[in-house]
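J.: compute the structure for the input listed below.
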Amino acid sequence: MGVTSRAMFLATDDLHRSVVDERENRALVEAQAAEIFARPLALQCVPMGPEDKASPPAAEDVTPLVERARKWFEGDPVTRPGRETRRGDA
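T.: Presented below is the predicted three-dimensional model:
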């Protein structure tokens, strides 16, 4: 969300905040921020507002990633009950 002379403000949902708040993860984020901004910054997580939430990615944006992962792991597509899987379905 923003940076001041002493802090970096990161908008997060509850899940991501719980991950970032773990000691090792917080240290990693703060170390990267210090390197990028050339000064130490305290990380402050703030709740996301409705305007901060991203919309889900479009299927055409995700499909190549799913296919690449499927090939990498030599996996088969997973079907949900009541839904047929077509080539290119994400």
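J.: show the average pLDDT along stretch 14-26.
T.: Computed over stretch 14-26, the mean pLDDT rounds to 92.
J.: tell me which residues in that stretch are buried?
T.: V20 (16 or more other C-beta atoms under 10 Å). C-beta here means a position set from N, CA and C on the backbone, and glycine is covered the same way.
J.: and the contacts of that stretch?
T.: Outside stretch 14-26, the residues that touch it by C-beta atoms under 8 Å, 6 or more residues apart in numbering are L10, T12, V29, L43, C45, P47.
J.: quick check: pLDDT value at the third one.
T.: Translated: V29. For V29, pLDDT reads 92.
J.: any stretches of this protein with poor pLDDT?
T.: Counting by pLDDT under 70, the ranges of the chain that qualify are 50-55, 77, 80, 82-90.
J.: quick one: the residue nearest the centre of the chain from K71, how far?
T.: In the chain, the residue lying closest to the centroid (C-alpha atoms, centre = their mean) is H16, at 7.8 Å. Per C-beta to C-beta, to the nearest Å, H16 is found 29 Å from K71.
J.: again, but for A42
T.: From A42 to K71 the distance is 42 Å (C-beta to C-beta).
J.: which of the two has more neighbours?
T.: Taking other C-beta atoms under 10 Å, A42 and K71 do not tie; A42 has more neighbours (12 against 9).
J.: got the contact list for the more buried one?
T.: When contacts are counted by C-beta under 8 Å, 6+ apart, A42 touches R6, A7, M8, E30.
J.: looking at these, which are in helices?
T.: Using DSSP state H, the subset of the contacts of A42 located in helices is E30.
J.: just the buried ones from the contacts of A42?
T.: By 16+ other C-beta under 10 Å, these give M8, E30 as buried.
J.: closest one of the contacts of A42 to I36?
T.: Distances from I36 to those, taken as C-beta to C-beta, are shortest for M8 (9.4 Å).
J.: which residues touch the nearest residue to that closest one once chain neighbours are set aside?
T.: Nearest residue to M8, sequence neighbours excluded (C-beta to C-beta, 6 or more residues apart in numbering): L41, at 4.4 Å. L41 is in contact with V3, R6, A7, M8, E30, A33, A34, counting by C-beta under 8 Å, 6+ apart.
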